[in-house]
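>>> from the sequence below, what's the structure:
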Amino acid sequence: MYKGDLFEGGDKATICKEFDIQPHTLEGCEILYANYSSGCYEGCALVVFKKEGLLYEVNGSHCSCYGLENQWDPEITTKEALLARPEFNLCDYSGNVHDDLVEALKDEPAQNKTVLNNI
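Numbering: from 1, shown residues only. A predicted model of the protein is given here:
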């Protein structure tokens, strides 16, 4: 599910371009959710993807001077952690993305805590 100003109708190439990463960075990744929202002079992004059975999230933001470059820093997350943010907004003007995350993650199983503790 690609949403927002830059990512709507996007693909992995769009994410690579905006975060200034090489295409091989996303090899083996299944993008589950990507949202970019912008205000007057700034923007915020959230990308959730699955790789090798684990969920990751990447958050980025910028002012008018720069973009999302050099902010690709995936963090392991869980479905439960993402959905525990009922008022999850990007830059306070994107609206609540919680319902979109519920939809994007509906087929994802709960994470096995034993697996996560062994990472």
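>>> please report how far the residue most central in space within the chain lies from Y36.
For the chain, V47 is the residue whose C-alpha lies nearest the centre (Cα atoms, centre = their mean; 1.2 Å). As judged by Cβ to Cβ, to the nearest Å, V47 and Y36 stand 9 Å apart. No exception for glycine: its C-beta is placed from N, CA and C like everyone else's.
>>> hmm, back to that, so what pairs up with the residue nearest to the centre of the chain in the strands?
For V47, the residues forming beta bridges with it (DSSP bridges) are A34, V58.
>>> do you know how far D107 is from K79?
From D107 across to K79, the span is 10 Å (Cβ to Cβ).
>>> who has more neighbours out of those two?
The neighbour count for D107 versus K79, taken as other Cβ atoms under 10 Å, is higher for K79 (19 against 7).
>>> how much space separates that one from Y66?
For K79, the distance to Y66 - Cβ to Cβ - is 31 Å.
>>> swap in Y36?
In this view, Y36 and Y66 are 14 Å apart by Cβ to Cβ.
>>> what's the answer for I15, then?
Look at I15 and Y66: by Cβ to Cβ, they are 17 Å apart.
>>> if you count what's nearby, which of these two comes out ahead?
More crowded of I15 and Y66, by other Cβ under 10 Å: I15, with 26 against 12.
>>> sec struct for the more buried one, please.
Under DSSP: H, G, I helix; E, B strand; the rest coil, I15 falls in the helix class.
>>> would you agree it is in contact with I31?
Yes: taking Cβ atoms under 8 Å as the definition, I15 is a contact partner of I31 at 7.0 Å.
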